[in-house]
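Peer 1: Need coordinates for the below:
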Amino acid sequence: MARVSAYPMVQVGEALETILAYAEPLDVETVELTKARAHILARDVAADADLPGLPRSSVDGYAVIAGDESAELEVLEEVTAGRLGIAHVRRGSAVRIMTGGTLPPGADAVVMVEEVEETDGRALLQRRPRRGENVHPPGMDLARGQLVLARGTRIGAAEVGLLATVGCARVPVYRRPRVAVLATGDELVEPHETPPPGSVRDSNRYALMAAVEDAGADIAWHAHARDDEAELERAMRQGLAVADVLLTSGGVSMGTRDLIKPLLETMATIHFGRVSFKPGKPLTFATTTDGKLAFGLPGFPVSSLVTFEVFIRPALLKLASAE
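Peer 2: Numbers count the residues shown, from 1 in each chain. Below you'll find the model as predicted:
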């Protein structure tokens, strides 16, 4: 007599809706700026001060008074980025200034170095600047209190730079999901091993780990277990103990050695065990009493990755509060 599955077939939309209903966003943690990349920002971040705080030169040149008609200007000093000048610019004088240098008192414009001839401390302007020319006024880049990054932003290289700019050295982020990946099957050997007759290299575990990391989650644990009930149960409980999500591959069909579904029934609540979806019909989803998610994926490599992309990636993104 043909074996009949105890699990009713569910539609794809229903399956995904069920998964997302149990994928509650994880808690918020604070991480060092150097560890923030690839996390999701948990709070709005605003500028802590005007940037720049003082008017500064946008070019290498000479800080002058725009309305000064003097034939030559006495060069009082040189101001470089990060150093405040001492001299006060008055008519008939100028200050040599580098890009990023703070505009000296009295000056209201900067003439580019290419438009000035300097000899023996005297500067001859080839043209007269307009007021504010080549000057970045206070708050031009950022104003105090201005929103810099919104909650829900995925932090990349540019965002790390912005966080550093506004002094956010400890960053509030949503915790990345921790995932355990378990490959099952007597036939599997490690990638570095030569498979004996009837065996294959374990590709699913490594492909799933890469997919998990691509989805913004962390690998907390991974292993291979043979098709032995006691060994599988130990491995599954070990994975659930250290992770928010357990992914298994293989052992979810209806063969005599397909043990994942019966084992999940002893340690979690199974919400569905079959989906009207090819490849990937035997996909199984369960949750533990403490809110952890467990997925039994098919063992065929294409089925394993396809079901991950359609059903599990959205769950990981929701757990991490990714938009």
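
Peer 1: need the contact list for Gly132.
Peer 2: Taking C-beta atoms under 8 Å, 6 or more residues apart in numbering as the criterion, Gly132 is in contact with 66, 108-109. (Glycine included, C-beta is placed from N, CA and C.)

Peer 1: so what's the residue sitting nearest the centre point of the chain up against?
Peer 2: Against the mean C-alpha coordinate of the chain, by C-alpha atoms, centre = their mean, the closest residue is Ala38 at 1.6 Å. Residues near Ala38 by C-beta under 8 Å, 6+ apart: 154-156, 176, 216.

Peer 1: farthest pair in those residues?
Peer 2: With C-beta to C-beta as the measure, no two of those lie farther apart than Gly156 and Arg176, at 14.5 Å.

Peer 1: higher neighbour count, these two?
Peer 2: Arg176 (22 against 11; other C-beta atoms under 10 Å).

Peer 1: Contact partners for that one?
Peer 2: Arg176 makes contacts with 26, 38-39, 216-218, 320, as judged by C-beta under 8 Å, 6+ apart.

Peer 1: likewise Glu231?
Peer 2: Ala225.

Peer 1: do you know how far the residue lying farthest from the centre of the chain is from Arg128?
Peer 2: Within the chain, the residue lying farthest from the chain centre (C-alpha atoms, centre = their mean) is Ala71, at 56.6 Å. Distance of Ala71 to Arg128, computed by C-beta to C-beta, to the nearest Å: 11 Å.

Peer 1: looking at this, the residue farthest from the centre of the chain is in a strand?
Peer 2: No - Ala71: not assigned to a strand; according to DSSP: H, G, I helix; E, B strand; the rest coil it is coil.

Peer 1: Helix or strand with the lowest mean pLDDT in this structure?
Peer 2: The helix or strand of the chain with the lowest confidence, counting by mean pLDDT, DSSP states H and E, is strand 188-189 at a mean of 90.

Peer 1: Give me the residues contacting that one.
Peer 2: Contacts of strand 188-189 (C-beta under 8 Å, 6+ apart): 195-196, 199-202, 224.

Peer 1: out of these, which are inside helices?
Peer 2: The members of the contacts of strand 188-189 all map outside helices under DSSP state H.

Peer 1: Closest one of these to Arg313?
Peer 2: Closest to Arg313, out of all of these and judged by C-beta to C-beta, is Asp202, at 21.2 Å.

Peer 1: on that earlier part again, so is the residue nearest to the centre of the chain in a helix, a strand, or just coil?
Peer 2: Assignment for Ala38 (three-state DSSP): coil.

Peer 1: Please apply the same query to Glu117.
Peer 2: strand.

Peer 1: neighbours of it, just the number please.
Peer 2: 11.

Peer 1: for the stretch 1-150 of the chain, what are the low-confidence residue spans?
Peer 2: 1-4 (pLDDT under 70).

Peer 1: all strands of it, in order?
Peer 2: Per DSSP state E, counting those that start in this stretch, the stretch 1-150 of the chain carries strands over the ranges 9-10, 28-32, 40-41, 45-46, 56-57, 61-64, 73-79, 93-97, 109-112, 116-119, 122-125, 135-136, 147-149.

Peer 1: Show me what the fourth one is in contact with.
Peer 2: Under the contact criterion C-beta under 8 Å, 6+ apart, strand 45-46 has outside partners 145-149, 162-163, 166, 168.

Peer 1: Just the closest of the residues you listed to Ser5, please.
Peer 2: Each of the contacts of strand 45-46 was scored against Ser5 by C-beta to C-beta, and Leu149 proved nearest at 48.2 Å.
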